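Q: Have a look; sequence and predicted model below, questions after that.
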Amino acid sequence: MTRSHSPACFDAPGDEQHQRIVDAIHDHGWSEQDNFIPPSLTLALALECAALATAGTLTLAHVSQGAARSLQPDVRGDQIQWLEAGQSEARDRYLAIMEMLRIALNRGLFLGLEEYESHFAYYAPGASYLQHRDQFRDDDSRTVSVIVYLNADWLPEDGGALRLHPEGLSTQDISPVGSRIAVFLSADMVHEVLPATRDRMSLAGWFRRRP
Ligand code: OGA
Ligand code: MN
């Protein structure tokens, strides 16, 4: 690994950005930050996600867990592939960046996050994900939800916002702009994905603690 690929170098999210995320999660339970991953990495991951979609190797995502686990494309319309270490250089770089975020969240919020799970998500035009929470009813290990967007030149009129419904506050729309990260507490935050007029790609993931 050369120096310029080291996660400690200038193109990785710095301590300041981690601190802004920690502060926002502490204050109101969610955070939105631009330029969380470098543009070159966003592009590499976007190309990989688009190639998986074109090849037809993504699978329709399930709703719920256990006996209630089911396919309901009108409720949840994204197609996914889970990330694993060693799949590509770009994915490994991404996982290294998420590992630094995990450490920063633990340091700042004492959350005891132990693991990270993540998948590519591809929403075809018109696909959406109705209001939900990310924590499962019978498994509370998902603690912090993280979505990093991979879409170049996204405009507000393209739709596809992540709409947060924080309790007691007005709704917040986060446009899926490339390199942007959205972070929120998995147990509390009701949220939804609005339909878009163009392909919408992201990496959705969860930091987990022991159930
Ligand atoms: C999810 C989800 C939000 C987004 O995958 O559970 O809510 O903006 N994604 O893609
Ligand atoms: Mn969700």
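A: Thanks, I have the structure now. Numbers count the residues shown, from 1 in each chain. Ligands and ions are numbered 1, 2, ... in the order given.
Q: Which strand residues bridge the residue of the chain found nearest ligand 1?
A: In the chain, the residue that lies nearest ligand 1 is Leu162 (3.4 Å; Cβ to the nearest ligand atom). No exception for glycine: its C-beta is placed from N, CA and C like everyone else's. With DSSP bridges applied, Leu162 shows beta-bridge pairing to Ile174, Val193.
Q: Surely it is in contact with Pro176?
A: Yes: contact criterion Cβ atoms under 8 Å: Leu162 and Pro176 qualify, at 6.7 Å.
Q: so what sits against both of those two?
A: Common contacts of Leu162 and Pro176, defined by Cβ atoms under 8 Å, 6 or more residues apart in numbering, comprise Ile147.
Q: which SS class is the spatially most central residue of the chain?
A: When Cα atoms, centre = their mean is applied to the chain, the residue found nearest the centroid is Ile147 (1.5 Å). Secondary structure, DSSP: H, G, I helix; E, B strand; the rest coil: Ile147 is strand.
Q: Gly205 is in contact with that one, correct?
A: Yes: using Cβ under 8 Å, Ile147 makes contact with Gly205 at a distance of 7.5 Å.
Q: Output the longest helix belonging to the chain.
A: helix 89-109 (DSSP state H).
Q: rewinding a little: how many neighbours does the residue of the chain closest to ligand 1 have?
A: Number of residues near Leu162 (other Cβ atoms under 10 Å) recorded here: 25.
Q: Contact partners for it?
A: Taking Cβ under 8 Å, 6+ apart as the test, what Leu162 contacts is Ile147, Asp173, Ile174, Pro176, Ala182, His191, Glu192, Val193, Leu194.
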